[in-house]
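> turn this into a structure:
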Amino acid sequence: MSKDKSYYDQFNNCDDIKNRYDYFTVLEAALIWCGIPNDQLEFEASQCQPKGDDNGLQRGTFIHPYVSCVEPRCLVLHQAFEDNFLKMGRDGGESGFKSLTDFSVGHIAHPRRTIKIADLKEYIKNYHNDDMPKSLFPELNVNQDRALPLNLIHDVYGRTYDVNQHKKNREDDYLTLTETLSFLNYNNYDYVRLRDIARRKLITPCFYFDGYVGSFRGDSDNGFYTEVIAGYFTYRSLAEEICSDDDYMRLPNDGVVIYSVLEKKTAAYVDGDDVFLFNDKPRGLEDAEEFKLTHIDAGEIRFSKRALNSYIASLANASQGDTPAQNDSELLAKLESTQADNDKLNARLNKASEIYRQNKSKIEELEAQLEKENADSAELKEQLNKANAALADKPADDKELAPNSQAKVTHMLYAILKEHRYDLSPPKGKGVANDQIVAASRSHKSPVTRNFVANWLERVHQLDIDLNK
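Prediction:
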């Protein structure tokens with residue numbers, strides 16, 4: 001039996017194994033996520049340039065001259081690692097989440113981050129189910145693998161939900177109490193009126209949390225299931241805290257409700273589910289009570305801007321037919337003006353947040369440089385102390401003359417220098433005379449320093465002034 005290449009190809013079905021060890025750089029991962037075929041990665045990567053050199057994030061984020069999605073995908077991958085949604089390694093080494101896990105890799109410099117292919121595919125499946133490129137998922141047949149529309153899927157619990165909802169949630173803005181009142185101020189809202197509207201369920205107050213959430217589940221090993229979720233949460237009596245003077249809010253003992261999921265690892269939880277929040281991962285029911293989050297800062301109350309716009313729209317619809325057209329126009333003009341001002345404020349806040357993130361990274365780099373420079377300075381001081389100790393053991397070449405001897409030497413030098421017409425006018429012993437004397441001493445192989453000559457020329461200069469008064 002002859003064995004050619006086609007015979008051996010049957011033994012090469014090892015992609016799943018290779019994906020656990022082969023890795024991409026962040027740039028390569030972004031390129032293949034954009035749809036660049038694997039065999040073209042090297043060429044396309046050579047066309048990319050780092051976004052900048054001011055900090056690690058800029059050095060680890062790349063721009064392609066023609067594929068505009070490379071830069072944002074680099075940023076998404078870096079942020080996913082920072083938020084513990086994507087495992088990364090250092091220069092192809094062992095992968096792990098940044099923190100919050102039994103095995104964590106800690107901080108990795110942005111340009112050195114690498115991603116195992118299997119980890120990248122898992123992350124995209126979990127968090128970007130609507131954006132799975134053929135270059136990374138050649139086995140995916142969109143027409144056969146999805147019986148539902150592209151944006152709808154069945155989760156493992158038999159529920160149908162919109163996978164784009166998380167993306168929609170992330171595009172929403174969440175305003176503080178002060179920002180909410182400013183957003184609604186054309187109708188003279190205050191904290192009491194805002195609380196009353198929330199009591200009537202017309203708008204819902206919420207707060208942000210990123211960490212472990214859990215609930216009782218019959219399908220888990222110990223009856224209690226937990227996972228990491230980032231999102232906004234609420235509870236029935238949160239509206240009462242709007243007018244409270246307390247510095248913190250006490251969470252109810254029976255848990256909270258998920259208002260809006262931003263990021264999650266599985267399909268276990270969706271908006272509206274009842275959960276508990278935890279400071280750390282409970283290993284079982286015994287740890288649940290100890291780690292349960294019981295308080296949050298009073299300043300953490302937020303309102304969804306999208307929900308506020310819906311509330312405003314409902315007011316406008318309710319008032320149609322009862323309000324003169326002129327008042328409608330004035331209300332619309334005020335609303336548009338407020339919206340424009342709010343958009344400008346959000347733009348400034350986003351810019352300030354970006355500057356803060358960049359400066360934070362820069363500060364970390366400067367602190368590392370300062371630490372190194374302090375170590376270098378300590379080493380130089382030690383060398384200087386050793387040199388001073390060595391010099392202390394040597395006899396001095398020059399001894400300080402007595403005052404009368406200094407005066408006599410000064411008069412002698414004055415006579416010699418005047419006789420040879422040296423210029424004694426420059427103060428502090430500087431000038432042509434100093435240069436000439438130093439040069440002459442070197443030519444006669446008896447060199448002296450400029451400071452030594454300057455010291456005597458300064459005395460001669462003063463004598464010249466005293467004699468010519």
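> going forward, measure contacts and count neighbours with C-alpha atoms only.
Fine.
> any idea how far Leu413 is from Glu419?
Leu413 sits 10 Å away from Glu419, going by C-alpha to C-alpha, to the nearest Å.
> higher neighbour count, those two?
Leu413 (16 against 9; other C-alpha atoms under 10 Å).
> which ones are touching the more buried one?
Val460 (C-alpha atoms under 8 Å, 6 or more residues apart in numbering).
> would you say it is within a helix?
Yes: assessed by DSSP: H, G, I helix; E, B strand; the rest coil, Leu413 belongs to a helix.
> what residues of stretch 224-236 count as buried?
By neighbour count with 16 or more other C-alpha atoms under 10 Å, stretch 224-236 contains the buried residues Phe224, Tyr225, Thr226, Val228, Ile229, Ala230, Gly231, Tyr232, Phe233, Thr234, Tyr235.
> list the beta-bridge partners for the fourth one.
Beta-bridge pairing for Val228 (DSSP bridges): Tyr212.
> Thr338 contacts Glu179, doesn't it?
No: contact criterion C-alpha atoms under 8 Å: Thr338 and Glu179 do not qualify, at 11.2 Å.
> in three-state terms, label Arg421 for me.
Assigned by three-state DSSP, the conformation of Arg421 is coil.
> next: Phe209.
On the three-state scheme (three-state DSSP), Phe209 is labelled strand.
> pLDDT score assigned to it?
pLDDT for Phe209: 92.
> report the contact partners of it.
Ile229, Ala230, Gly231, Tyr232, Phe233.
> of the residues you listed, which is the nearest to Leu202?
Of all the contacts of Phe209, Leu202 sits closest to Phe233, with 16.5 Å by C-alpha to C-alpha.
> so for the helix or strand where the closest one lies, mean pLDDT?
For Phe233, the element it lies in under DSSP states H and E is strand 224-234. Averaging pLDDT along strand 224-234 gives 87.
> can you give me the offset of that strand from its chain's centre?
Put simply, strand 224-234 sits 23 Å off its chain's centre (C-alpha atoms, centre = their mean, to the nearest Å).
> mind checking how far the residue nearest to Phe276 when sequence neighbours are not counted is from Ser215?
Ranked by C-alpha to C-alpha, 6 or more residues apart in numbering and with sequence neighbours excluded, the top spatial neighbour of Phe276 is Gly255, at 4.7 Å. With distances taken as C-alpha to C-alpha, Gly255 is found 9 Å from Ser215.
> which neighbours do the two share?
Listed as contacting both Gly255 and Ser215 by C-alpha under 8 Å, 6+ apart are Asp274, Val275, Phe276.
> can you pull out the strands in the stretch 301-450 of the chain?
When assigned using DSSP state E, counting those that start in this stretch, the strands of the stretch 301-450 of the chain occupy the ranges 302-304.
> show me where pLDDT drops low in it?
316-334, 336, 388-400 (pLDDT under 70).
> try 90
In the predicted model of the stretch 301-450 of the chain, residues 305-450 satisfy pLDDT under 90.
> helices of that one, start to end?
305-319, 325-392, 403-419, 432-443, 450-467 (DSSP state H, counting those that start in this stretch).
> now for Cys206, how many residues are close by?
24.
> would you say it is within a strand?
Yes: counting by three-state DSSP, Cys206 is part of a strand.
> quick one: pLDDT of it?
Listed pLDDT for Cys206 reads 94.
> can you name the residues bridging to it?
On the basis of DSSP bridges, Cys206 is bridged to Arg302.
> swap in Glu263?
Applying DSSP bridges, one finds that Glu263 bridges with Ala230.
> show me which residues of the helix or strand where Leu77 lies are buried.
Using DSSP H and E, Leu77 sits in helix 70-82. Going by neighbour count (16+ other C-alpha under 10 Å), the buried part of helix 70-82 is Val70, Glu71, Arg73, Cys74, Leu75, Leu77, His78, Ala80, Phe81, Glu82.
> nearest spatial neighbour of the last one, skipping sequence neighbours?
It stands for Glu82. Leaving aside its sequence neighbours, Glu82 sits nearest to Lys98 (C-alpha to C-alpha, 6+ apart; 6.4 Å).
> hmm, Arg90 and the one you found touching each other?
No: at 11.3 Å, Lys98 does not count as touching Arg90 under the criterion of C-alpha under 8 Å.
> those two: who's more crowded?
Neighbours around Lys98 and Arg90, counted as other C-alpha under 10 Å, are more numerous at Lys98. The numbers are 22 against 19.
> got a pLDDT number for that one?
pLDDT, Lys98: 76.
> spit out the contact partners of it.
Residues in contact with Lys98, defined by C-alpha under 8 Å, 6+ apart, are Phe81, Glu82, Asp83, Asn84, Lys87, Met88, Ser104, Val105, Gly106, His107.
> Leu202 versus Ser310, what's the distance?
To Leu202, Ser310 is 9 Å away according to C-alpha to C-alpha.
> try Asp423
94 Å.
> what of Phe276?
On the measure of C-alpha to C-alpha, Phe276 and Leu202 end up 25 Å apart.
> which one's more surrounded, those two?
Neighbours per residue (other C-alpha under 10 Å) separate Phe276 from Leu202, with Phe276 holding more: 23 against 14.
> phi and psi next, for the more buried one.
Main-chain dihedrals, Phe276, degrees, to the nearest 10: phi -110, psi 150.
> I figured it hits Ser215, correct?
Yes: the pair Phe276 / Ser215 is scored as a contact, 6.2 Å apart, by C-alpha under 8 Å.
> one step back: out of the contacts of Phe209, who's nearest Gln358?
Once C-alpha to C-alpha is applied, the member of the contacts of Phe209 that ends up nearest Gln358 is Ala230, at 22.6 Å.
> surely the closest one meets Ile258?
No: using C-alpha under 8 Å, Ala230 is not in contact with Ile258; the gap is 10.0 Å.
> list the contacts for Tyr123?
Phe85, Leu86.
> where's it relative to Thr114, distance?
14 Å.
> could you do Leu349 as well?
When distance is defined by C-alpha to C-alpha, Leu349 is 31 Å away from Thr114.
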